[in-house]
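my questions concern the predicted model and sequence given below.
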Amino acid sequence: MTVTFSFATAGRILFGPGVVGQVAGHAAALGLRPLLVTGSTASRADGLAADLQSAGMPSARFMVEGEPDVACITAGARLARTKGCDLIIGFGGGSAMDAAKAIAALATNPGPVTDYLEVIGRALPLQHPPVPCIAIPTTAGTGSEVTRNAVIRSRTQRVKVSMRSPGMLPDLAVVDPQLTLGLPPEGTAASGFDALCQLVEAYVCVKTNPLTDSLCREGLARCARSLKTAFLEGHNIDARTDMSIASLFSGMALANAGLGAVHGIAGPLGGMLPAPHGAVCARLLPGITAANIQALKDDPAFSRYIDRYGEIGCILTGDDRATPSGLVQWLRDMVNRLQIPALSRWGLQHAQVAQLVDQARRSSSMKGNPVSLSTETLETVIADAMEEGY
């Protein structure tokens, strides 16, 4: 069988404990007037800012509170242009890195943010290359340091959508597991499940390839042995390293293969609720996995996907005889062990489910799902994820 695929990732990746200390040296080759984009705990980037200052690159600061929205990106791009910034550095969780990538793009491209947004905007291609960008994650989950899109909230339309371009891949990704040591258990659980979900969906989506498959298998094995440990033992550097690798690999895989129905629902749901993206994915993943397996069983043409779910089950459970149904049970058990709240805890109401499914069907991630799921099935999965137990 002929195999054809392409693969793109960040221009360079630095990985390992302590590599954040090398950022200033590498930054000098990309720009001299950096804008440092951080999450709400901006003080965590003080050490990096001091390194940049010592290297003759005093940085302007831009803080992202919560998930980036249209107004946030507009303000950040305006600041970058006003200060003459020729380098954008994202330091934080997925929100800070996504904001940094979008700000880098909008700093050099005309028009409003909505011109470049999918689904609710014009989805225009970028006319000019973005400002160089460095992405430094302080959580282990999104893999945003190696993806070509930024997830942005529209508060007026109550939805989260992507701005996407090959030029938005960071020039440098710096993944230092030590930066994740202070992440609290609930953040560890949510971000870790995001990585796990991305690995599962990228392994069974419609655009898999041998390279992303390898990344997914390795990332899943590291999640299997270290997700729970990182949750229980937050300062276990071995577990944190495993989860940082799993997150990195999940980002590389999704950027080149795609995702599925979990992220198809999580996008619009994130625009409706103040829920952490990873927690939403965690509550949806077991139900979507079960629904996909059931739908795939009904058509022998999709047997290859059933086999892939079986492989995931073997990796995660450590049992070579694991079945797809065993995978679903493992996922449900892990959601409970990591104390992921039900979607109803975040305010989702049954009256909103039909609208949510309608929005999810228009998302780009839904197109990657291995099988088309009925409206009734999607509504049932969401309703189940609203319940306290499994």
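Cool, got the structure. It should be emphasised that the depicted structure is a prediction, and the values quoted were computed from it without experimental measurement.

so, low pLDDT: which residues of the stretch 1-150 of the chain?
Applying pLDDT under 70 to the stretch 1-150 of the chain flags residues 1.

tell me where it has helices.
Assigned by DSSP state H, counting those that start in this stretch, the stretch 1-150 of the chain shows helices spanning 23-27, 46-54, 70-82, 94-106.

just want the angle from the last one to helix 70-82.
Pointing back at helix 94-106 there. 50 degrees (axes from the mean of the first three to the mean of the last three CA atoms, to 10 degrees).

can you start the count at 117 instead of 1 from here on
Right, with 117 as the first residue, what we last looked at is helix 210-222.

for helix 210-222, packing partners?
Here helix 210-222 is seen to pack against strand 150-154, helix 186-198, strand 203-208, strand 249-253, strand 265-270 when contacts are counted using 3 or more CB pairs under 8 Å, 6 or more residues apart in numbering; DSSP states H and E. All C-beta spots, glycine's among them, are computed from the backbone N, C-alpha and C.

same thing with the first one?
In this structure, helix 139-143 makes packing contacts with helix 162-170, strand 203-208, strand 249-253, strand 288-291, judged by 3+ CB pairs under 8 Å, 6+ apart.

dump the helices and strands packed on helix 210-222 into JSON lines; add distance to Thr433 as well.
Listed next are these as JSON lines, based on distance: least, CB to CB, whole Å:
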{"stretch": "strand 150-154", "distance to Thr433": "39"}
{"stretch": "helix 186-198", "distance to Thr433": "41"}
{"stretch": "strand 203-208", "distance to Thr433": "33"}
{"stretch": "strand 249-253", "distance to Thr433": "28"}
{"stretch": "strand 265-270", "distance to Thr433": "31"}
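
in JSON lines: the ones you listed, plus mean neighbour count.
Output for the helices and strands packed on helix 210-222, formatted as JSON lines (neighbours: other CB atoms under 10 Å):
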{"stretch": "strand 150-154", "mean neighbour count": "29"}
{"stretch": "helix 186-198", "mean neighbour count": "19"}
{"stretch": "strand 203-208", "mean neighbour count": "29"}
{"stretch": "strand 249-253", "mean neighbour count": "30"}
{"stretch": "strand 265-270", "mean neighbour count": "24"}
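
that older thread, quick one: which of the helices and strands packed on helix 139-143 is nearest Asp310?
Nearest to Asp310 among those is strand 249-253; the distance by CB to CB comes to 11.5 Å.

quickly run through the sheet partners of that closest one, with directions.
As defined by DSSP bridges, the strand partners of strand 249-253 come to strand 203-208 (parallel), strand 288-291 (parallel).

save those strands as a markdown table, and put in distance to Asp310 too.
Listed next are the strands paired with strand 249-253 as a markdown table, based on distance: least, CB to CB, whole Å:
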| stretch | distance to Asp310 |
| --- | --- |
| strand 203-208 | 15 |
| strand 288-291 | 15 |
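
now Arg399: how far from Trp462?
Shown here: Arg399 relative to Trp462, a distance of 9 Å by CB to CB, to the nearest Å.

between those two, who's got more neighbours?
Each of Arg399 and Trp462 had its neighbours counted (other CB atoms under 10 Å), and the higher figure belongs to Arg399 (30 against 18).

please name the residues that touch Thr254.
Thr254 makes contact with 155, 160, 207-209, 212, 295-296, 299, according to CB atoms under 8 Å, 6 or more residues apart in numbering.

before we move on, the earlier item: in a markdown table, list the helices of the stretch 117-266 of the chain along with distance to Gly259.
Putting the helices of the stretch 117-266 of the chain into a markdown table (distance: least, CB to CB, whole Å) gives the following:
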| stretch | distance to Gly259 |
| --- | --- |
| helix 139-143 | 19 |
| helix 162-170 | 20 |
| helix 186-198 | 20 |
| helix 210-222 | 8 |
